[in-house]
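J.: what follows is a predicted protein model with its sequence.
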Amino acid sequence: MPNIKSSKKAVKVIAKKTDENHELKAKVKNLIKACEKEIAASNVEGATKVYKDLQKNIDKAYQKGLIKENTVNREKQRLNAKIKNMK
């Protein structure tokens, strides 16, 4: 445990940011799974709705540096292609 006051505060800040980042990554993974589930159920409207929410969150995770650009593009492209093939 640090002794300096600023170091103690830094530990708290890092812990808070780590929790927020973990929540965002988990949310992205859960949205991908939800979108896959909607696609499997052949629910075009539900899949489209989940996909729009996924786009927003996955782009936010990319901007924070939690997910690489190629991974973001690949996931979005695959899901979008599956949704288009359903129509």
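T.: Thanks, I have it.
J.: tell me the spacing between the residue nearest to the spatial centre of the chain and residue 67.
T.: Central residue of the chain (CA atoms, centre = their mean): residue 28, 2.4 Å from the mean position. Counting by CB to CB, to the nearest Å, the gap from residue 28 to residue 67 is 7 Å. To be clear about C-beta, it is placed using only N, CA and C from the backbone, and glycine gets the same treatment.
J.: now for those two: what residues contact both?
T.: 58, 61 (CB atoms under 8 Å, 6 or more residues apart in numbering).
J.: what's the longest helix belonging to the chain packed up against?
T.: Counting residues, the longest helix found in the chain (DSSP state H) is helix 5-40. Applying 3 or more CB pairs under 8 Å, 6 or more residues apart in numbering; DSSP states H and E, we find helix 5-40 packed against helix 44-63, helix 69-86.
J.: list the buried residues of that helix.
T.: 24, 25, 27, 28, 31, 32, 34, 35, 38, 39 (16 or more other CB atoms under 10 Å).
J.: tabulate the residues you listed in CSV, adding columns for pLDDT and distance to residue 80.
T.: Converted to CSV, the buried residues of helix 5-40 look like this (pLDDT from 0 to 100; distance: CB to CB, whole Å):
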residue, pLDDT, distance to residue 80
24, 97, 21
25, 97, 21
27, 97, 19
28, 97, 15
31, 97, 14
32, 97, 12
34, 97, 15
35, 96, 10
38, 95, 13
39, 95, 11
